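Colleague: Could you look at this predicted model? Sequence included:
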Amino acid sequence: MAAGEGGVRLGDGVEGDWSLTPAVLVRVAAVATLPAPTDAELHPAALARLDADPELSLGVDCCGVCALPEARMGSALVECAACRAVVYCGDKHRRADEAEHGKVCALLAFGADLDEEAAAADEEAGDHGDASLVDAIKATVDNLKLLGKQT
């Protein structure tokens with residue numbers, strides 16, 4: 001489910017509308033950053049691949065479970081349909097990661113929607129060098145996170 005649609009789940013089971021509104025910006029800013037998985041939580045193949053190639057980013061350019069590089073996945077590559085941010089080497093690993101990935105999926109989808117809005121705004125304006133509305137929204141979210149840490 002895309003970030004702009006209702007009923008998206010985030011982390012602790014909070015459901016709701018993830019459209020680009022001020023209320024959602026405040027909600028996104030309040031979401032705590034999740035810790036990176038520990039070595040004990042990672043698939044053994046993922047540990048070996050990540051150690052061998054520190055340039056890999058788990059789930060970004062390699063499978064989110066076993067860290068198989070995206071270039072080696074071929075037609076088996078599966079992308080999370082909701083957030084469009086995490087890739088897997090097949091449906092088996094996508095299903096295996098549903099519980100963990102579900103904690104961040106809506107937030108990643110929100111970020112993907114912001115990026116799409118930025119690209120559309122830049123294309124519409126014809127100004128690729130100017131700061132976009134989405135950049136301002138991202139800065140607002142970052143500032144709200146800073147304010148939250150100070151209170």
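Modeller: In hand now; what should we look at?

Colleague: Show me the shaky parts of this structure.
Modeller: 1-22, 25-34, 122, 125-151 (pLDDT under 70).

Colleague: What ranges does it have for its strands?
Modeller: 8-10, 14-16, 78-79, 87-88 (DSSP state E).

Colleague: what comes into contact with the last one?
Modeller: Residues from elsewhere that reach strand 87-88 (C-beta atoms under 8 Å, 6 or more residues apart in numbering): 59-65, 70, 73, 77-80, 94, 97. Every C-beta, even on glycine, is put in place using the N, C-alpha and C of the backbone.

Colleague: which among these gets closest to L108?
Modeller: C80 (7.8 Å; C-beta to C-beta).

Colleague: so the closest one makes contact with V86?
Modeller: Yes. The criterion here is C-beta atoms under 8 Å, and C80 meets it with V86 at 4.7 Å.

Colleague: which neighbours do the two share?
Modeller: What both C80 and V86 touch, as defined by C-beta under 8 Å, 6+ apart, is the set 101, 105, 108.

Colleague: The top helix by length along the chain packs against which elements?
Modeller: Taking DSSP state H as the criterion, the chain has its longest helix at helix 105-125. Judged by 3 or more C-beta pairs under 8 Å, 6 or more residues apart in numbering; DSSP states H and E, helix 105-125 is in contact with strand 8-10, helix 22-30, helix 133-150.

Colleague: Now rank the shared contacts of C80 and V86 by neighbours and give me the top one.
Modeller: Counting neighbours by other C-beta atoms under 10 Å, C105 leads the shared contacts of C80 and V86 with 23 neighbours.

Colleague: No further questions, thank you.
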